[in-house]
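A.B. asks: Sequence isn't available, so here's the structure alone:
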Ligand code: PGA
């Protein structure tokens with residue numbers, strides 16, 4: 001039985017004071033909901049603040065990106081060790097906005113995934129097709145390639161620790177959501193790809209989140225699909241009530 005995992009991807013939003021307020025409201029709302037793993041992923045600048053606010057609760061801290069090297073001359077970058085130093089346990093990698101605006105390739109994502117795992121961070125690895133790829137019936141091919149290349153070279157222990165997020169790019173921040181059947185189809189595909197890369201047992205253990213305009217109104221149905229093990233929430237995570245309602249829908 002895979003434990004559901006709901007993560008809030010706050011993207012480039014919230015000053016530290018606002019982040020503290022949102023984290024406190026989520027902490028209060030999730031106090032009795034320990035059957036779901038809840039992860040908050042604020043901006044780098046708010047990590048310490050949010051870490052302090054959620055201390056003592058079961059809510060976990062995650063970052064939205066990192067560099068693959070341990071340290072060195074990489075101006076403007078943040079390492080896995082620095083994230084661990086701020087109590088992060090998770091890091092989102094390969095989000096479509098990183099791929100699209102910052103030219104991250106599967107090869108780069110793979111380096112980051114390996115570095116995160118080596119530093120004892122759990123990567124949340126994002127994959128998903130563009131609208132034109134879905135319309136050209138390339139979803140299976142695109143997602144298979146992203147999963148295969150992003151997770152290349154991982155051993156079974158690493159596989160089992162990794163979280164995936166299927167985020168169809170056309171559904172992110174657009175208000176369009178994949179139907180539960182569309183999402184389930186791709187989640188099942190991802191699990192088959194994982195089974196081929198590692199083994200069926202490990203593939204069954206891996207949690208695969210759905211992301212893309214998930215909100216309280218559609219969360220229950222999406223999270224009720226057999227291969228959907230959680231959500232990566234953008235817009236709706238910026239409002240404590242919406243986010244907590246999605247966590248409740250995962251129960
Ligand atoms: P959204 O974003 O919920 O606003 O669509 C999801 C994401 O980008 O992770």
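C.D. replies: Received, thanks. It should be emphasised that the depicted structure is a prediction, and the values quoted were computed from it without experimental measurement.

A.B. asks: show me what contacts the closest residue to the ligand within the stretch 101-250 of the chain?
C.D. replies: Of the residues in the stretch 101-250 of the chain, the one nearest the ligand is residue 234, at a distance of 2.2 Å by C-beta to the nearest ligand atom. Every residue, glycine included, has its C-beta placed from N, CA and C. By C-beta atoms under 8 Å, 6 or more residues apart in numbering, the contact set of residue 234 is 9, 11, 172-173, 211.

A.B. asks: same thing with residue 116?
C.D. replies: By C-beta under 8 Å, 6+ apart, the contact list for residue 116 reads 66, 80, 91, 93, 122-123.

A.B. asks: Flag every residue of this protein that's near the ligand.
C.D. replies: Residues of the chain that fall close to the ligand, judged by C-beta under 6 Å from any ligand atom: 9, 167, 172-173, 211-214, 232-236.

A.B. asks: for residue 225, helix, strand, or coil?
C.D. replies: At residue 225 the chain is in coil, as set by DSSP: H, G, I helix; E, B strand; the rest coil.

A.B. asks: just the strands in this protein please.
C.D. replies: Shown for the chain, the strands assigned by DSSP state E span residues 5-9, 37-41, 60-63, 90-93, 122-127, 163-166, 207-211, 230-233.

A.B. asks: chain center to the second one, what's the gap?
C.D. replies: The offset between the C-alpha centroid of strand 37-41 and the centroid of the whole chain comes to 9 Å, using C-alpha atoms, centre = their mean, to the nearest Å.

A.B. asks: Ok, the third one next?
C.D. replies: Remark: strand 60-63 is offset 10 Å from the chain centroid, using C-alpha atoms, centre = their mean.

A.B. asks: So which elements touch it?
C.D. replies: Using 3 or more C-beta pairs under 8 Å, 6 or more residues apart in numbering; DSSP states H and E, the elements in contact with strand 60-63 are strand 37-41, helix 47-54, strand 90-93.

A.B. asks: quick one on the thing from earlier: ok, of the residues of the chain next to the ligand, which come out buried?
C.D. replies: The neighbour count (16 or more other C-beta atoms under 10 Å) marks 9, 167, 172, 211-214, 232-236 as buried among those.

A.B. asks: Once you drop chain neighbours, what's closest to residue 133?
C.D. replies: residue 142 (5.0 Å; C-beta to C-beta, 6 or more residues apart in numbering).

A.B. asks: I appreciate the help and will end here.
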